[in-house]
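In: everything below, folded, please.
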Amino acid sequence: RKTVAVSDMKTVTSALKMYRLDNGDYPTTEQGLAALSIKPTAGPEAANWQEGGYLERAPKDPWGRPYIYKSPGREGAFELLSYGKDGKPGGDGLNADLVEGAH
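Out: Below is the predicted model of the structure:
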């Protein structure tokens, strides 16, 4: 499942980068990953939002929970994470946090 999560996160990261190329910035934390499938109506305008969106829908992690998205992230423009199998911060093995981001 960890491999699936890493693959999903790379796909979402690519979609976020395309969104930024079209609209000048990443979606806000409040707009969330939903901004990749539905044009945001609140927050910064997505003037060049791609017809049909960037993802069909925001995926859930392999344990059935939404990925967590923050913009800005702790160390860059955004942070995308899954808290692993246990759904809690921290942990080892399958419970380890998985983090993707942009600097």
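In: how close does residue 71 sit to residue 52?
Out: 22 Å (Cβ to Cβ, to the nearest Å). To be clear about C-beta, it is placed using only N, CA and C from the backbone, and glycine gets the same treatment.
In: between the two, point out the one with more neighbours.
Out: Taking other Cβ atoms under 10 Å, residue 71 and residue 52 do not tie; residue 71 has more neighbours (22 against 8).
In: what's near enough to touch that one?
Out: Listed by Cβ atoms under 8 Å, 6 or more residues apart in numbering, the contact set of residue 71 reads 26-29, 77-79.
In: out of those, which are buried?
Out: Listed as buried from the contacts of residue 71 are 26-28, 78-79; burial here means 16 or more other Cβ atoms under 10 Å.
In: so which of the residues you listed comes closest to residue 40?
Out: residue 27 (6.6 Å; Cβ to Cβ).
In: next, residue 21: phi, psi?
Out: Main-chain torsions, residue 21, degrees, to the nearest 10: phi -60, psi -40.
In: show me the helices in the chain, by range?
Out: 2-23 (DSSP state H).
In: so where's it uncertain?
Out: 103 (pLDDT under 70).
In: can you pull the contacts of residue 36?
Out: Residues near residue 36 by Cβ under 8 Å, 6+ apart: 12, 15-16, 19, 27, 53-55, 58.
In: got it, and residue 92?
Out: Applying Cβ under 8 Å, 6+ apart, no residues qualify as near residue 92.
In: can you give me the distance of it to residue 2?
Out: 12 Å.
In: cool, residue 34 as well?
Out: Counting by Cβ to Cβ, the gap from residue 34 to residue 2 is 25 Å.
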